[in-house]
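Student: Compute the structure for the input listed below.
(one chain, ligands or ions: 1)
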Amino acid sequence: MEKVVLAYSGGLDTSVLVRILREEYKLAVIAVHVDVGEARSKSELQRKAEKAGAAGFEFVEAQDEYVSDYCFTALQANALYEGIYPLNAALSRALIAKHLVAVARKHGATHIAHGSTGKGNDQVRFDLSSRALAPELTILAPQRERNITRDAAMEYAKTWGIEVPATAKKPWSIDENVWGRSIEGGQLEDPNQEPPEDCYAWTKGETTSRADATLVQIAFEAGRPVAMNGEALSPLDLVKRLNAVAGDAGVGRIDLIENRVVGIKSREVYEAPAALVLIQARRELERLTTIGDVTHLKADLDAAYARLVYEGRWYSPLRESLDAFNESVAKTVTGTVTMKLHKGAIRIIGRSAEKGLYNHKKATYGEGDTFNHRAAEGFIELVGMQLVEFRRQHPVGEK
Ligand code: ARG
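Tutor: Numbering: from 1, shown residues only. All right, here's what the predicted structure looks like:
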């Protein structure tokens with residue numbers, strides 16, 4: 001029997017897929033759970049996968065790798081899709097695909113399977129990543145091929161004695177990992193209606209978040225966060241700690257109309273406290289430590305980087321090239337940024353860098369000014385030469 005490696009979350013949908021792949025595709029299923037911080041128990045997952053009919057189960061502990069090599073690499077690009085979304089689902093799919101391929105090779109599997117629908121971005125990310133990494137593997141996406149409804153999945157589960165998790169009845173479709181949490185479906189599909197408070201799990205609302213501001217200082221070395229409030233932390237610990245602290249201050253909620261890869265405009269709701277704080281802080285430190293032309297060009301490239309990740313092109317040569325640029329720029333991005341988090345707001349109140357480019361002697365309006373004021377006259381004369389000439393020939397307002 002040929003083998004298929006299935007991205008297994010442990011939920012109803014992927015449990016049903018185990019059985020479908022076995023009974024209808026006639027494949028031996030190896031269920032793989034790549035742990036990116038969903039807080040699932042390994043033994044529970046294994047038990048459920050086997051009960052659903054899996055021939056094998058693998059649990060890949062990937063939280064550290066995820067934060068260090070995926071989230072913090074994207075952080076070097078201050079990556080926010082459409083300026084808002086920190087790409088938590090997108091980044092995780094690239095990493096999960098990598099591990100699916102590794103497990104497939106280990107077991108000599110010929111297929112990779114995932115539970116994505118035909119309407120979302122995740123199918124694009126899984127498929128492009130696995131095709132880039134392992135073109136010899138065939139991709140199966142039964143949900144996309146058959147459009148299995150929720151009711152049909154429930155029916156199927158009943159027939160085959162597959163456990164229906166309590167979460168299956170919740171009105172939302174949740175996807176979470178340490179970099180953020182996505183909430184979709186149910187009443188959120190009305191983009192003009194405020195998300196109900198109970199769709200949020202990581203962030204407090206206006207009334208429940210801390211009454212006083214929370215002071216947070218992040219230290220960066222070569223663009224990467226290394227300490228929080230003076231305490232050195234691993235990337236994973238820092239992100240976890242910051243998620244808790246910022247979430248308590250009500251920071252991290254995102255609500256937008258998003259352009260999906262497959263053309264759909266969708267209303268997306270996320271919680272990503274640490275990601276939002278780190279991106280804002282890092283961007284500010286970059287402003288202090290890089291020269292203007294780099295800061296400006298990088299903002300354009302950062303937007304392209306975020307699109308590339310969103311669209312599933314993590315394993316593209318373009319990302320490698322942009323990463324090389326980002327790492328080069330990041331060499332000087334060392335210092336600290338201090339923020340006040342309060343009732344959902346992130347307010348930067350201080351930044352410092354030993355090798356920062358802010359020069360008080362040049363900037364000051366007070367004592368000790370070394371700026372050459374008269375040089376500005378000549379500068380303006382030269383910089384304005386063509387503008388002045390053009391307007392001499394074509395006065396403003398002339399018909
Ligand atoms: N729209 C978001 C994205 O494309 C969230 C996707 C969440 N995935 C999920 N299977 N629920 O990145």
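Student: how deep is Lys119 tucked in, by neighbour count?
Tutor: A total of 15 residues lie near Lys119 under the criterion other C-beta atoms under 10 Å. The C-beta positions use only the backbone N, C-alpha and C, and glycine is treated the same way.
Student: ignore the last one, Thr214
Tutor: Here the neighbour count serves as a burial measure; for Thr214 (other C-beta under 10 Å) it reads 16.
Student: how about it, phi and psi?
Tutor: Recorded main-chain torsions at Thr214 are phi -100, psi 130, according to degrees, to the nearest 10.
Student: what's it in contact with, if anything?
Tutor: Counting by C-beta atoms under 8 Å, 6 or more residues apart in numbering, Thr214 makes contact with 245-246, 248-249, 340-342.
Student: Specify the beta-bridge partners of it.
Tutor: Leu341 (DSSP bridges).
Student: related to what we said a few turns ago, any chance of the contacts of Thr214 in a markdown table, plus distance to Ala275, neighbour count and pLDDT?
Tutor: Rendered in a markdown table, the data for the contacts of Thr214 read as follows (distance: C-beta to C-beta, whole Å; neighbours: other C-beta atoms under 10 Å; pLDDT from 0 to 100):
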| residue | distance to Ala275 | neighbour count | pLDDT |
| --- | --- | --- | --- |
| Val245 | 13 | 20 | 98 |
| Ala246 | 9 | 27 | 98 |
| Asp248 | 16 | 17 | 98 |
| Ala249 | 15 | 25 | 98 |
| Lys340 | 18 | 16 | 98 |
| Leu341 | 14 | 26 | 98 |
| His342 | 18 | 18 | 98 |
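Student: between the residues you listed, which is closest to Ala353?
Tutor: Within the contacts of Thr214, proximity to Ala353 (C-beta to C-beta) peaks at Lys340, which comes in at 19.6 Å.
Student: For the closest one, which non-adjacent residue is closest in space?
Tutor: Counting by C-beta to C-beta, 6 or more residues apart in numbering, Ala213 is the residue found nearest to Lys340 once chain neighbours are left out, at 4.3 Å.
Student: How much space separates that neighbour from the ligand?
Tutor: The spacing between Ala213 and the ligand, counted by C-beta to the nearest ligand atom, to the nearest Å, is 30 Å.
Student: still on that earlier bit, in the contacts of Thr214, find the pair that's most separated.
Tutor: Greatest spatial distance among the contacts of Thr214 (C-beta to C-beta): Asp248 and Lys340, at 13.4 Å.
Student: Name the residues of the stretch 101-250 of the chain found near the ligand, please.
Tutor: Contact residues of the stretch 101-250 of the chain with respect to the ligand, defined by C-beta under 6 Å from any ligand atom, are listed as 121-122, 173, 175, 182, 184.
Student: Which members of those occur in strands, if any?
Tutor: With strands identified by DSSP state E, the entries of these that belong to them are 173, 175, 182, 184.
Student: looking at it, the second one is touching Ser182, isn't it?
Tutor: Yes - with contact taken as C-beta atoms under 8 Å, Asp175 and Ser182 are classed as touching, separated by 4.5 Å.
Student: which neighbours do those two share?
Tutor: Residues touching both Asp175 and Ser182 (C-beta under 8 Å, 6+ apart): 88-89.
Student: name the element Arg319 belongs to?
Tutor: Secondary-structure assignment from DSSP states H and E places Arg319 in helix 317-330.
Student: Just the CA coordinates for that helix, please, in CSV.
Tutor: Written as CSV, here are the backbone C-alpha positions of helix 317-330 (Å, rounded to 0.1, in the frame of the first residue of the first chain):
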residue,chain,number,x,y,z
PRO,A,317,14.7,32.6,-4.7
LEU,A,318,13.2,36.0,-4.3
ARG,A,319,12.9,35.4,-0.5
GLU,A,320,16.5,34.3,-0.3
SER,A,321,17.6,37.5,-2.1
LEU,A,322,15.5,39.7,0.1
ASP,A,323,16.7,37.9,3.2
ALA,A,324,20.3,38.6,2.2
PHE,A,325,19.4,42.3,1.9
ASN,A,326,17.5,42.3,5.2
GLU,A,327,20.3,40.6,7.1
SER,A,328,22.8,43.0,5.7
VAL,A,329,20.7,46.0,6.8
ALA,A,330,20.0,44.3,10.2
